[in-house]
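Q: Sequence and predicted model, in that order:
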Amino acid sequence: MEKIYLDRNENNYGPSKKCFEAVKLITPDLFNTYSTTYKSGYKSTLSKRLSDEFNITEDRVLLGYGAEDLLKQVVLTYLKEKTEKLLVPDHSWWYYKEIANETNSVSVEYPIVEGEESYEYDIDKLLDIYNAEKPKVVFIASPNNPTGNSISGDQLTYVLDRMSESVVVLDEAYWLSSDSEKATELVNKYSNLIIIRTFSKLYALAGIRIGYAIIGEQLNQIKKTSNRYLGYNRISEKIALAALDSVDYYNGIAEKMASDRDLYFTELNKIKNVKVYKSEANFVLVKIEKDLMNPLKEFLVERGIIIKFMNEEIVNSHLRITLGTKEENRKVISAITEFYKSL
Ligand SMILES: Cc1ncc(COP(=O)(O)O)c(C=O)c1O
């Protein structure tokens, strides 16, 4: 039986044709030689291209081995003393707290609260905790994993206006639109801001491991620590550049994902005691009764459907379903519906 993997927030629609064409054009020199772009005065063809796209200087574009790497670089750079704090959402990607552990810093949580149709940032609580804890670094994820909600533009500027003492990281790994203007405006206005994005989600290139950050002007330390004197992965860069050249394809994917989310929201919310939250990411969070978690898991696994059954304390009766292709989504929805009919 062919399995459907919808548990790791990958993108099952796959990358654009141009990405595959770029692979075919890879020449042997890309394997055995370092990049020489420094001779032309820039770090890498990809960060140069991103700097043009965001209309900022190339030194303010950082590349990393996925967003994962950049998040760790920020913590390693700015959290030096054991008493220094990293402020993270309570519902969040487990990795945030893990990097605080690894670096012996302290992670402090702020709440993401359940609203009527979606989870929400509670800005007043976030600022109360910020003022009490005085963290060195703050992580805000938009959209957030696993809740799927974003912080609004107004909320974001409201908090940034009050967080000038810290380095603020906006993790936009799950952003699904190609607009670059707003991001540029933000990093130009807030010199302590780092916006992190990745090629893993929208661009369906998780395997090539490339993430990037655009950063505020004041952040000289991270510019230094993220420097890679021998360049970046020359092959991954070619594929990422081809993805940036495929705007129409990825706008199409973002549209498909919006309708996929609507399908889950409408169809699964019809089932009694099942709640699908509104999401802006490539996954949806679904709440079910706790004692049905194991039986549903078994039922789906028997049918080759792998989704994420959350087991953290504050989200332990929840499923996180990564959006699949149209066909996969229909299979998941009909399997869950069939499960509830069989009860
Ligand atoms: C919120 C968030 N940020 C970043 C990442 C990692 O992205 P990358 O593949 O670029 O390391 C993930 C991975 O699932 C994530 O959930």
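A: Yes, it's here. Residues are numbered from 1 along each chain as shown.
Q: For this structure, name the helix or strand with the lowest mean pLDDT.
A: helix 95-102 (a mean of 92; mean pLDDT, DSSP states H and E).
Q: Only the buried residues of that one, if you could.
A: Residues of helix 95-102 classed as buried: 96-97, 99-100 (neighbour count, 16 or more other Cβ atoms under 10 Å). Where you see a C-beta, it was placed from the backbone N, CA and C, and this is true even at glycine.
Q: closest to the ligand among these?
A: The nearest member of the buried residues of helix 95-102 to the ligand, counting by Cβ to the nearest ligand atom, is Y96 at 8.0 Å.
Q: thought that closest one was touching V88?
A: Yes: between Y96 and V88 there is a contact under Cβ atoms under 8 Å: 4.3 Å.
Q: Double-check V167 against L219; I have them as touching.
A: Yes: counting by Cβ under 8 Å, V167 does reach L219; the two are 6.9 Å apart.
Q: Neighbour count for the two, which is higher?
A: V167 (25 against 22; other Cβ atoms under 10 Å).
Q: can you tell me how far that one sits from the ligand?
A: 17 Å (Cβ to the nearest ligand atom, to the nearest Å).
Q: ok so, going back, now the buried residues of helix 95-102 as a markdown table including distance to the ligand?
A: Output for the buried residues of helix 95-102, formatted as a markdown table (distance: Cβ to the nearest ligand atom, whole Å):
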| residue | distance to the ligand |
| --- | --- |
| Y96 | 8 |
| K97 | 12 |
| I99 | 11 |
| A100 | 15 |
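Q: Next, the buried residues of the strand or helix carrying K331.
A: For K331, the element it lies in under DSSP states H and E is helix 326-341. For helix 326-341, a neighbour-count test (16+ other Cβ under 10 Å) marks 328-329, 331-333, 335-336, 339-340 as buried.
Q: Keep those residues, but drop any that are not near the ligand.
A: By Cβ under 6 Å from any ligand atom, no member of those lies near the ligand.
Q: Can I get the residues you listed in CSV including pLDDT?
A: Output for the buried residues of helix 326-341, formatted as CSV (pLDDT from 0 to 100):
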residue, pLDDT
E328, 97
N329, 97
K331, 97
V332, 98
I333, 98
A335, 97
I336, 98
F339, 98
Y340, 97
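Q: Bridged to the residue in the stretch 201-343 of the chain that the ligand sits nearest to, which residues?
A: As assessed by Cβ to the nearest ligand atom, the ligand sits closest to G211 within the stretch 201-343 of the chain, at 4.0 Å. Beta-bridge partners recorded for G211 (DSSP bridges): G64, T198.
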